[in-house]
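**Q** Give me a model of this one.
(one chain, ligands or ions: 1)
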Amino acid sequence: MGNDPRDFHGFVNPPVVHASTVLFPDAATMALRNQKYTYGTRGTPTTDALCAAIDELEGSAGTILVPSGLAAVTVPLLAFLSAGDHALIVDSVYHPTRRFADTMLKRLGVEITYYDPHVGAGIAALMKPNTKVVFTEAPGSNTFEMQDIPAIAEAAHAGGAVVMMDNTWATPLYFRPLDHGVDVSIHAATKYPAGHSDVLLGTVSANTACWEPLHETFLTLGCCAAPDDVYQVLRGLRTMGVRLDRHQKSALSLARWLEGQPGVSQVLHPALESHPGHAIWKRDFSGASGIFSIVLDGGGTKKAHAFLDALNIFGLGYSWGGYECLAVRVWLGDRTVAKGDYEGPVLRLQIGLEDVEDIQADLTRALAAAAKVED
Ligand SMILES: Cc1ncc(COP(=O)(O)O)c(C=O)c1O
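**A** Reported below is the predicted structural model:
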């Protein structure tokens, strides 16, 4: 996917092209820019290979590659919003998306409203004549609320807005946003596509109507991704399916097991029948990835820290989608609508590729440590 070995003397993988300058054969060609590649910021055979692969996965008209998942959020928002516009953003959004909206977008004169992830077709009531973007993310960051994407997209389109989705959790293997009415699909390729916690990259894929404005903004901003990182993500795609399959199986079996453990009041994983968004997940998604949260049955910081400090296999760190288990205490202080009513601390678990019995033993140890804490 993404490259033809015959283009490169039969080598299975494409070369990594490091480039700023591209030479033209003569002045006329240069004046007209009449050749496929003209400058490093505008694309190379390496970026083309990854873009073609992502377009095939997403079913998109075009894809841009940017230096981080966060840039994959900010660049399309800049492409489709101007002073005087209004944007609707889901309240369970990745926190840095909210920070960008509350600082830069507000400074540029864009009005923001955060909406309930469960709003569904009810989003129609929040649309204003100047609503230009409806931003979705499903499941929600850290608390994993599902969104009725087709219903939201229909109402947003009726009001003339562009629908964006941060689809990092599912990847296009388990959910194809453009098939469900989304116009612009956003991905932190840092997570599952890269898969090894050593690369930052973002992809943004658009349908035909949105491709030109997205591509123009990308070229204008000059925020192109570095060739080695692009290559690493292309490489990661080759194994993403098998890695995701393993993440999915391990995470779901641990989520089911955790539901029955003393000390755990809730497991926030959309593939569990107990999850409030399970029916939507089952209707629209073809799989689940490896990150979910648990809620402890009471207590506060001391209990949360006892749990985290007792873990051996899990590292304490941000990000996810890599080969290794990671845990973090979730902070929900930025929420205005989707605050949830959680009995105790919320802990996010990224389930890696380690043996599931070993991960379970680690979690057992952590729950026992948390149970000893009174607060
Ligand atoms: C849902 C989501 N979107 C985007 C990002 C940003 O990705 P990056 O870390 O590559 O900037 C993250 C990172 O955690 C994320 O969880």
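
**Q** And the pLDDT at residue 340?
**A** Residue 340 carries a pLDDT score of 84 in this model.

**Q** Likewise for the one 4 residues further on?
**A** With respect to pLDDT, residue 344 has a value of 96.

**Q** could you measure it against residue 278, distance?
**A** Using CB to CB, to the nearest Å, we find residue 344 at a distance of 22 Å from residue 278. For every residue, glycine as well, the C-beta is placed using N, CA and C.

**Q** which of the two has more neighbours?
**A** Using other CB atoms under 10 Å, the more surrounded residue of residue 344 and residue 278 is residue 344, with 20 against 15.

**Q** Excluding residues flanking it in the chain, which one is nearest the more buried one?
**A** residue 296 (3.7 Å; CB to CB, 6 or more residues apart in numbering).

**Q** Next, count neighbours for the one you found.
**A** When neighbours are defined as other CB under 10 Å, residue 296 has 24 of them.

**Q** how's this protein carved up into domains?
**A** Per the record, the chain has its domains at 5-235, 240-371, by automatic domain parsing.

**Q** now for the ones you listed, which one comes closest to the ligand?
**A** Among the domains of the chain, the nearest to the ligand by CB to the nearest ligand atom is domain 5-235 (2.1 Å).

**Q** From the chain's centroid, how far away is that closest one?
**A** 10 Å (CA atoms, centre = their mean, to the nearest Å).

**Q** do it and the ligand meet?
**A** Yes. Interface with the ligand: domain 5-235 contributes 68, 69, 70, 73, 94, 141, 166, 168, 188, 190, 200, 202 (CB under 6 Å from any ligand atom).

**Q** what about that domain, start to end distance?
**A** 14 Å (CA to CA, to the nearest Å).

**Q** Quickly note the distance from residue 337 to residue 110.
**A** In this view, residue 337 and residue 110 are 19 Å apart by CB to CB.

**Q** neighbour count winner among the two?
**A** residue 110 (21 against 14).

**Q** ok, now which ones touch that one?
**A** Residue 110 makes contacts with 81, 82, 83, 84, 85, 86, 87, 101, as judged by CB atoms under 8 Å, 6 or more residues apart in numbering.

**Q** What score does the residue nearest the centre of the chain have for pLDDT?
**A** Centroid-nearest residue in the chain, with CA atoms, centre = their mean: residue 168, separated by 2.2 Å. With respect to pLDDT, residue 168 scores 98.

**Q** I'd guessed it sits against residue 73; true?
**A** No. Assessed by CB atoms under 8 Å, residue 168 is found out of contact with residue 73, at 9.7 Å.

**Q** what ranges do the strands span in the protein?
**A** 62-66, 86-90, 111-115, 131-137, 162-166, 184-188, 202-206, 264-268, 291-296, 315-316, 326-329, 346-350 (DSSP state E).

**Q** Distance from the shortest one to the middle of the chain?
**A** Just to be clear, that refers to strand 315-316. Its chain's C-alpha centre and that of strand 315-316 lie 20 Å apart, by CA atoms, centre = their mean.

**Q** From residue 13, how far off is the nearest residue to residue 172 once chain neighbours are set aside?
**A** Closest residue to residue 172 apart from its sequence neighbours, by CB to CB, 6+ apart: residue 57 at 4.0 Å. According to CB to CB, residue 57 and residue 13 sit 18 Å apart.

**Q** of those two, who's got more company?
**A** More crowded of residue 57 and residue 13, by other CB under 10 Å: residue 57, with 22 against 15.

**Q** and the residue lying closest to residue 270 once chain neighbours are set aside, how many neighbours?
**A** Once flanking residues are discounted, residue 270 sits nearest to residue 281: 3.9 Å by CB to CB, 6+ apart. Neighbour count for residue 281, taken as other CB under 10 Å: 23.

**Q** what's the answer for residue 301, then?
**A** Around residue 301 there are 11 other residues, counting by other CB under 10 Å.

**Q** And for residue 374?
**A** When neighbours are defined as other CB under 10 Å, residue 374 has 7 of them.

**Q** quick one: contacts for it?
**A** Here residue 374 is in contact with 299, 302 (criterion: CB under 8 Å, 6+ apart).

**Q** Going forward, count from 7.
**A** All set: I'll call the first residue 7, so the last point we hit is now residue 380.

**Q** For it, give me the pLDDT.
**A** Predicted confidence (pLDDT) for residue 380: 78.

**Q** cool, residue 312 as well?
**A** pLDDT at residue 312 comes out at 98.

**Q** Hmm, it is touching residue 374, no?
**A** No. Residue 312 is beyond contact range of residue 374, at 9.4 Å (criterion: CB under 8 Å).

**Q** Who has more neighbours out of those two?
**A** Between residue 312 and residue 374, counted using other CB under 10 Å, the more crowded position is residue 312 (20 against 14).
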